[in-house]
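[1] Model the structure of this input:
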Amino acid sequence: MTANSELRSRQWFGATGRTGMAHRSWMRSQGFTPEVFDGRPVIGIATTWSELAPCNVHLHRVAESVKRGVWQAGGFPLEFPAMALGETLLRPTAMLYRNLLAMEAEELMRANPLDGVVLLSGCDKTTPGLLMAAASVDLPAVMVTGGPMLNGKYQGTDVGSGTAVWRFEEDLVAGRMTQEECAFAESCMSRSNGHCMTMGTASTMASMAEALGMQLPYSASWPAVDARRYETAQRAGQVAVGLVHRDLRPSAIMTRAAFENAVRVNAAIGGSTNAVVHLLAIAGRLGVPLSLDDFDVLARDVPTLVNLQPNGQYLMEDFCYAGGLPAVMRELAGHGLLNSGAITVTGSGIGANVASAPCWNREVIKTMAEPFQPAGTGTAVLRGNLAPDGAVIKQSASSPHLLKHRGRALVFDSPADYYAVSNDPELDVDEDTVLVVRYCGPRGYPGMPEVSNVALPKKLLLRGVRDMVRICDGRMSGTAYGTVVLHVAPEAAAGGPLALVRTGDWITLDVPARTLTLEVGDEELAARRAQWQPPAPPASRGWTRLYTEHVLQADAGADLDFLVGASGHEVPRESH
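    Residues are numbered from 1 along each chain as shown. Predicted coordinates for the structure are as follows:
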């Protein structure tokens, strides 16, 4: 047990004289009784609630459940807001602000009288942003994600948020769907609180938090509107107090072993490629050695076990009822693919947490003996003269016949440039063409948006073509699908080879060999580089300028260079 005198909060609420009087008095204006200052742990509840982030709009209600748990365990809960990042509305991309959320939350945790924290997140970037902050502060912490929406329902079938959007767009362009039908389908896809119910980035990162040991078992999959979501939140409040008493911190939980678990779990669930850049950033805050190549090496022996959209048939609600993430991790543990001793917020090893986890539906969660997709079909890391620092491709969302492909490049400097001509029936493109869309990386857009999976040209859609190779230095939504090479590093705006590609160049993609090759000689590339001019900075002031001047490339997690590492939780100097 941690002695009360050792709690950080005692330096605020236990202080004598004017300092202690001021801190306690201002808190009592909220109606708290004196007992809350008796030396009990103070638990901050960092909530990313906002009506501008629809995925997180119910987190106020989740926070109330957390508070009940903190009170039950003898703690003092205090809710505070952190920046909400909804990929649904924010432009140019929520990813531009992930590091800002991480910086803001880190400073708030350190500057306030907190002994531990519960992290409330939902949409894509709020989960990694808060985990990055918690890693840098290293106060005892537990995460509660907001949970997925209920399954979408349209014309008698299940539809997945995000995933269905791409299909509906193609059907609209090809004349298979009317604008009125699209408008009706909008409400069918999103019919409850919660984040995307496909295995998109939000569901993936919730699963990563659980696999890392920072969420309670089953937390990733309970639907947002299920009573057990709130039960889980209440239990998390109790756990947070226990973490303070045991002095169990994120640095002891998110170890190399935990990250290996997360990488393998991501492969098993068919998770988003965005997990790569987020896990690299979180590991960077902790000083845990994790490289881009680890995502390929660690995942090669892991089959895809989960039959969920966008790779498969089902949705997160089905995944929950089938047994959720513990059922998946039990399968991995049984075949030596889980570091079972990795400690979690429960105080137990992750193997013990999932040892008896049942599976109730083998159509949704497959076995290692009969997987949904075989080992080696997860995220692949590509290298070559077009991506010397690496690129990634989600094999399970790609077309098998395109994983080895050679074609001529059709190059665009922005998605807008492409869409300006994509419906032109005279566009010089066929199914063998390689679409290259660049200047979409961390610096270039800025923020590395989810624009890489551009819709196919109309002339090809009308011919029934449903996929083609696309290459980009940006990201792709975890809800999306297609043979898309992502996160090309260095990005074009940083002078990477992607900036030197010209329309008509031959490009060879060989995923089995893990190569991405621009078939242009070194002398010609050197001549092109001598003519290349970097684009003008996207901003002259504010956060965007700070971001573009300091952001790392995708292969390093796209964190800011001066935020890598940790500053701890030393109590700051007095304010009065």
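[2] Quick one: low-confidence residue ranges for the stretch 1-150 of the chain.
    Scanning the stretch 1-150 of the chain for pLDDT under 70 picks out the ranges 1-5.
[3] So which residues of the protein form strands?
    With DSSP state E as the criterion, the chain has strands at 42-47, 76-81, 116-121, 141-145, 152-154, 157-159, 379-384, 387-394, 404-412, 434-437, 470-472, 484-486, 506-510, 515-518.
[4] Just confirm Cys320 contacts Ser221, I think it does.
    Yes: the pair Cys320 / Ser221 is scored as a contact, 3.9 Å apart, by C-beta atoms under 8 Å. Bear in mind the C-beta positions are built from the backbone N, C-alpha and C, glycine included.
[5] Tell me which of the two has more neighbours.
    With neighbours defined as other C-beta atoms under 10 Å, Cys320 and Ser221 compare such that Ser221 has more, 29 against 22.
[6] In contact with the more buried one, which residues are there?
    With contact set as C-beta atoms under 8 Å, 6 or more residues apart in numbering, Ser221 has these partners: 147-148, 203, 206-207, 316, 319-320, 324-325.
[7] Looking at the residues you listed, which one is closest to Val465?
    Checking those against Val465 with C-beta to C-beta, the nearest one is Ser203 at 29.1 Å.
[8] Give me whichever of the strands of the chain is most buried.
    Of all the strands of the chain, strand 141-145 carries the top mean neighbour count, a mean of 32, counting by mean count of other C-beta atoms under 10 Å.
[9] what angle separates that strand from strand 42-47?
    For strand 141-145 against strand 42-47, the angle by axes from the mean of the first three to the mean of the last three C-alpha atoms, to 10 degrees is 30 degrees.
[10] can you list contacts of strand 141-145?
    Residues contacting strand 141-145 (C-beta under 8 Å, 6+ apart): 62, 66, 116-122, 127, 130-131, 134, 195, 202, 205-206, 209, 214-216, 219-220, 232-233, 236, 239-240, 243, 249-250, 345.
[11] Equivalent analysis for stretch 505-513, please.
    Stretch 505-513 has contacts (C-beta under 8 Å, 6+ apart) with 380, 382, 386, 393, 395, 398, 402-409, 411, 434, 436, 469, 471, 485, 501, 515-520.
[12] Tell me the buried residues in the least confident helix or strand in the chain by mean pLDDT?
    Across the helices and strands of the chain, the lowest-confidence element by mean pLDDT, DSSP states H and E is helix 163-173, at a mean of 80. By 16 or more other C-beta atoms under 10 Å, the buried positions in helix 163-173 come out as 163-168, 170-173.
[13] Next, show the common contact partners of Cys320 and Ser221.
    Common neighbours of Cys320 and Ser221, using C-beta under 8 Å, 6+ apart, are Pro148.
[14] ok, Ala387 touching Leu486?
    No: with contacts counted by C-beta under 8 Å, Ala387 stays clear of Leu486, the gap being 10.1 Å.
[15] which residue packs closest to Ala355, ignoring adjacent ones?
    Nearest non-adjacent residue to Ala355, counting by C-beta to C-beta, 6 or more residues apart in numbering: Arg330, 6.9 Å away.
[16] since we're on the one you found, how many residues are nearby?
    Neighbours of Arg330 under the rule other C-beta under 10 Å: 20.
[17] what's the pLDDT at it?
    As predicted, Arg330 sits at a pLDDT of 98.
[18] How about the one 5 residues further on?
    At His335, the pLDDT value in this model is 97.
[19] so what's the closest residue to it other than its chain neighbours up against?
    The shortest distance from His335 to any non-neighbouring residue, by C-beta to C-beta, 6+ apart, is to Met368 (5.1 Å). Neighbour list for Met368: 303, 305, 331-332, 334-335 [criterion: C-beta under 8 Å, 6+ apart].
[20] residues in contact with the closest residue to Gly568 other than its chain neighbours?
    Nearest non-adjacent residue to Gly568, counting by C-beta to C-beta, 6+ apart: Asp138, 6.0 Å away. For Asp138, the contacting residues are 249-251, 566, 568-569, by C-beta under 8 Å, 6+ apart.
[21] Check Cys359 too.
    Cys359 touches 322-323, 327, 330-331, 365, counting by C-beta under 8 Å, 6+ apart.
[22] and it, how far is that from Ala489?
    38 Å (C-beta to C-beta, to the nearest Å).
[23] now swap in Asn112 and tell me
    37 Å.
[24] So which of these two has more stuff around it?
    Set Asn112 next to Ala489 and count neighbours by other C-beta under 10 Å: Ala489 wins out with 24 against 16.
[25] Give me the phi and psi for that one.
    When read as degrees, to the nearest 10, the backbone of Ala489 gives phi -130, psi 140.
[26] What residues does the nearest residue to it once chain neighbours are set aside make contact with?
    What sits nearest to Ala489 in space, not counting adjacent residues and going by C-beta to C-beta, 6+ apart, is Asp389, at 3.9 Å. When contacts are counted by C-beta under 8 Å, 6+ apart, Asp389 touches 292, 383, 489-490, 496, 553, 555.
[27] same check, this time on Gly495
    Contact analysis of Gly495 by C-beta under 8 Å, 6+ apart lists 529, 532, 534.
[28] ok, those vs Pro457, which is closest?
    Top of the list for closeness to Pro457, among the contacts of Gly495 and by C-beta to C-beta, is Trp532 at 27.0 Å.
[29] And that closest one, how far from Tyr439?
    Applying C-beta to C-beta to Trp532 and Tyr439 gives a distance of 12 Å.
[30] which of the two has more neighbours?
    A direct count of neighbours by other C-beta under 10 Å for Trp532 and Tyr439 places Tyr439 higher, at 23 against 11.
[31] picking that back up, got TSV for the contacts of Asp138, with pLDDT too?
    Listed next are the contacts of Asp138 as TSV, based on pLDDT from 0 to 100:
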residue	pLDDT
Arg249	98
Pro250	98
Ser251	98
Ala566	93
Gly568	94
His569	95
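[32] Buried ones among those residues?
    When the contacts of Asp138 are checked for burial by 16+ other C-beta under 10 Å, the buried set is 249-251, 566, 569.
[33] and which of those is nearest to Trp26?
    Out of the buried ones among the contacts of Asp138, the member with the shortest distance to Trp26 (by C-beta to C-beta) is His569, at 21.9 Å.
[34] tell me the contacts of the closest one?
    Neighbouring residues of His569 by C-beta under 8 Å, 6+ apart: 8, 109-110, 137-139.
[35] same thing but at 10 Å, please
    Shown in contact with His569 (C-beta atoms under 10 Å, 6 or more residues apart in numbering): 8, 106, 109-110, 114-115, 117, 136-140, 249.
[36] ok, back up a step: list the residues that contact both of Ala387 and Leu486?
    With C-beta under 10 Å, 6+ apart, Ala387 and Leu486 have common neighbours 471, 473, 554.
[37] Please name the residues that touch Ala492.
    Taking C-beta under 10 Å, 6+ apart as the test, what Ala492 contacts is 413, 436-441, 443-444, 472-473, 498-501, 532, 534-535.
[38] Tell me the buried residues within those.
    Buried, going by 16+ other C-beta under 10 Å: 413, 436-441, 443-444, 472-473, 498-501, out of the contacts of Ala492.
[39] how far away is the residue nearest to His335 from Trp12?
    51 Å.
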